[in-house]
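>>> what follows is a predicted structure for the sequence shown.
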Amino acid sequence: QVQFVESGGGLVQPGGSLRLSCAASGFTLDYYAIGWFRQAPGKEREGVSCISSSDIYTYYADSVKGRFTISRDNAKNTVYLQMNSLKPEDTAVYYCAADPYLTVQAMCVIRTERNWGQGTQVTVSS
């Protein structure tokens, strides 16, 4: 069974940092682009950052450019999202997903039906 387990969320003050992890089970991440998405209360889910299977290409939403960094460790079957300089507007549930076909920009921008996991809650508040 293909499954993602997101972790690393929590409560952090504005300006703080968190590192999210997305561990895959049931399949190997090597041949998939992986993306981080988030959904804030009352808002639609949006793509935050996506990384290609080759680890060469990345995409970041304008709202997180320069603050977030996506990376992957295929040996651990895990993708990470380093989040720095967090803002209250980053508060959301964060999810990850995999796609074998789309470019990183398409994966992050085009709304696609996916089997979402439980996600991890990130709350930025003083």
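Now that the structure is in, tell me what you want to look at. Residues are numbered from 1 along each chain as shown.
>>> find the residue at the geometric middle of the protein.
Nearest to the mean C-alpha position of the chain, by CA atoms, centre = their mean, lies residue 36 at 1.8 Å.
>>> correct me, but that residue touches residue 70?
Yes - using CB atoms under 8 Å, residue 36 is in contact with residue 70, at 6.4 Å. (Glycine included, C-beta is placed from N, CA and C.)
>>> what sits in contact with each of those two?
49-50, 79, 81 (CB atoms under 8 Å, 6 or more residues apart in numbering).
>>> what's the most distant pair in those residues?
Spatial extent of these (CB to CB) is set by the pair 50 and 81 at 10.6 Å.
>>> find the residues that touch each one of these two.
The contact sets of residue 50 and residue 81 overlap at 36, 70 (CB under 8 Å, 6+ apart).
>>> avg pLDDT for the helix or strand encompassing residue 37?
Per DSSP states H and E, residue 37 falls inside strand 33-39. Summarised as a single mean, pLDDT over strand 33-39 is 97.
>>> which residues does residue 43 contact?
residue 92.
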